[in-house]
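S.K.: model the structure of this input:
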Amino acid sequence: MASSLTCAGVVWAFLSFLCAAASCVGFFMPYWLLGSQLEKSVSFGTFRRCSYPVRDETHQTTVMVEQCGRYASFQAIPSAEWRICTVVTGLGCGLLLLVALTALMGCCVSELISRTVGRVAGGIQFLGGKCSCGEGLAE
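M.R.: A predicted model of the protein is given here:
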């Protein structure tokens, strides 16, 4: 198996893949916000929800549907902010997965990733992580 990556590059590739997988799983799970409503446990994410209230027109009451599901359409997502979050997070997970898979391919194919490209990509990931951590601490 020919590789153009150093040992540090191989570790970076595998850690990038693990982070990408964790981010994608977190994006698809509906457990971003947890709470209770009508004495039932409720959770939802950007485009999935579990245990949500619906209006029962026959009895003129609100009942809880105790199952998980996606919103019926993109417009059914409760707010514009959540729609933007869905698009941006989905694109970010997709790009992260693309970079991670490319890095893993660099472990198997020689001359796919040069040393300079690997260093620049690692630096960008590092700076991106520092920027997003700094924003979270300031709030």
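S.K.: against Ala100, how distant is Val120?
M.R.: Using Cβ to Cβ, to the nearest Å, we find Val120 at a distance of 16 Å from Ala100. Just so you know, the C-beta spots here come from the backbone N, C-alpha and C atoms, and that holds for glycine as well.
S.K.: who has more neighbours, those two?
M.R.: Ala100 (23 against 11; other Cβ atoms under 10 Å).
S.K.: per-residue pLDDT, Cys131?
M.R.: Cys131 is assigned a pLDDT of 51 by the prediction.
S.K.: again with Ile124
M.R.: 69.
S.K.: list the buried residues of the helix or strand hosting Trp12.
M.R.: Using DSSP states H and E, Trp12 falls within helix 7-28. Neighbour-count burial for helix 7-28, counted by 16 or more other Cβ atoms under 10 Å, picks out Gly9, Trp12, Ala13, Ser16, Phe17, Ala20, Ser23, Cys24, Phe27.
S.K.: which other helices and strands does it contact?
M.R.: Helix 7-28 sits against helix 80-108, helix 115-138, with contacts defined as 3 or more Cβ pairs under 8 Å, 6 or more residues apart in numbering; DSSP states H and E.
S.K.: how about residues contacting it?
M.R.: Residues outside helix 7-28 that contact it (Cβ atoms under 8 Å, 6 or more residues apart in numbering): 3, 5, 45-46, 48, 89-90, 92-93, 96-97, 99-101, 103-104, 106-107, 113, 118, 122, 125.
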